[in-house]
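Asker: For reference, the sequence and a predicted model appear below.
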Amino acid sequence: MLKILFSPSEGKNVGGDATAKDIFGAVSARDEILRTYNEIVNSGDEEKIKALFGIKKFDDCKGYIEDIFDAPLMSAIERYDGVAYDYLEYSSLDQNAQNYLKENTIIFSNLYGPLLGGDPIANYKVKQGNSIGEIAPDKFYKDRFSYQLDLYLAKSDILDLRAGYYDKFYKTTQPYTTLKFLKNGKTVSHWAKAYRGIVLREIAKAGITSLEEFNKLEIENLQVKEIKKTKNKTEIIYEIVE
């Protein structure tokens, strides 16, 4: 099966009515970081809360101040609301495509670590790169989940659509494919986020099960310019031809 590694987003959708259930990996492996986050958020220490969230005004923090162990839950693939997710347009997909995303997307959260798209999570706020108390999330989750992810992905094809920052959470030891987007021959940033969402959407709609199938998938406005292979990494370079 094809598994897609994906980034989270700073933006989140609020609310949720998902039923609590076990999320990817052992709950105990997340206990320390989740409890530390919860203690800071509910401490009443405005400076610590602003620093954790990466927000300048405390009034803007108030929407995130709640007990995450007793907060409304929403599947991870629905919770995030940034550029990539805007172009994914999850809510407009049919049930089969939505189920595909919940089962085959692995999102690397700055709080929860690796999550399946269907894993229910609370609304939260952690600025990318920030520590949670004394805990650096990238190192915390790399140490606790790399072996488990290696086992989980061992028999799967891997398409890595994450932003480069999230390599810090997990570096696959087996062959994988990643994408690069060019416009007028130059690497793009904002549009890279958009096209990661578009690519994930088209994969879900087609129910792609392997990299072989993915390589045959035609995506509007994307044209393969070059394919590079180094060690266990295959990089497909697309030109955006709008």
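Answerer: Structure's in. What do you need? Residues are numbered from 1 along each chain as shown.
Asker: can you map out the helices along the protein?
Answerer: 31-41, 46-53, 76-79, 83-88, 95-104, 137-153, 190-206, 211-215 (DSSP state H).
Asker: Send me the third one as CSV with only the CA atoms.
Answerer: Extracted as CSV, the C-alpha positions of helix 76-79 are listed here (Å, rounded to 0.1, in the frame of the first residue of the first chain):
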residue,chain,number,x,y,z
ALA,A,76,-6.3,15.1,12.2
ILE,A,77,-6.9,15.3,8.5
GLU,A,78,-9.9,17.6,9.3
ARG,A,79,-8.4,19.5,12.2
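Asker: Now do it: which elements does it pack against?
Answerer: Helices and strands touching helix 76-79, by 3 or more C-beta pairs under 8 Å, 6 or more residues apart in numbering; DSSP states H and E, are helix 95-104, strand 105-109, strand 120-121. Where you see a C-beta, it was placed from the backbone N, CA and C, and this is true even at glycine.
Asker: hmm, who's touching it?
Answerer: By C-beta atoms under 8 Å, 6 or more residues apart in numbering, the residues outside helix 76-79 that reach it are 8, 12-13, 16, 90-91, 98, 101-102, 105, 107, 109, 112, 115-121, 123.
Asker: Apply the buried test to those residues and list what passes.
Answerer: Buried members of the contacts of helix 76-79, counted by 16 or more other C-beta atoms under 10 Å: 8, 12, 16, 90, 98, 101-102, 105, 107, 109, 112, 115-121, 123.
Asker: Give the partner strands of the lowest-mean-pLDDT helix or strand in the chain in its sheet and their orientations.
Answerer: The helix or strand of the chain with the poorest confidence is strand 186-187; it has a mean of 90 (mean pLDDT, DSSP states H and E). Here strand 186-187 has these sheet partners by DSSP bridges: strand 176-183 (antiparallel).
Asker: which residues are contacting the partner strand?
Answerer: So strand 176-183 is contacted by 5, 157-161, 187-188, 191-192, 195-196, 199, 211, 214, 222, 225, 232-240 (C-beta under 8 Å, 6+ apart).
Asker: Next, the buried residues of it.
Answerer: Applying 16+ other C-beta under 10 Å to strand 176-183 flags 176-179, 181-182 as buried.
Asker: Switch those residues over to JSON lines; also include distance to Glu78.
Answerer: Converted to JSON lines, the buried residues of strand 176-183 look like this (distance: C-beta to C-beta, whole Å):
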{"residue": "Tyr176", "distance to Glu78": "26"}
{"residue": "Thr177", "distance to Glu78": "26"}
{"residue": "Thr178", "distance to Glu78": "25"}
{"residue": "Leu179", "distance to Glu78": "23"}
{"residue": "Phe181", "distance to Glu78": "25"}
{"residue": "Leu182", "distance to Glu78": "31"}
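Asker: Rebuild those residues as JSON lines, extending it with pLDDT and distance to Ile77.
Answerer: Shown next, in JSON lines, are those (pLDDT from 0 to 100; distance: C-beta to C-beta, whole Å):
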{"residue": "Tyr176", "pLDDT": "98", "distance to Ile77": "20"}
{"residue": "Thr177", "pLDDT": "98", "distance to Ile77": "21"}
{"residue": "Thr178", "pLDDT": "98", "distance to Ile77": "20"}
{"residue": "Leu179", "pLDDT": "97", "distance to Ile77": "19"}
{"residue": "Phe181", "pLDDT": "96", "distance to Ile77": "22"}
{"residue": "Leu182", "pLDDT": "95", "distance to Ile77": "27"}
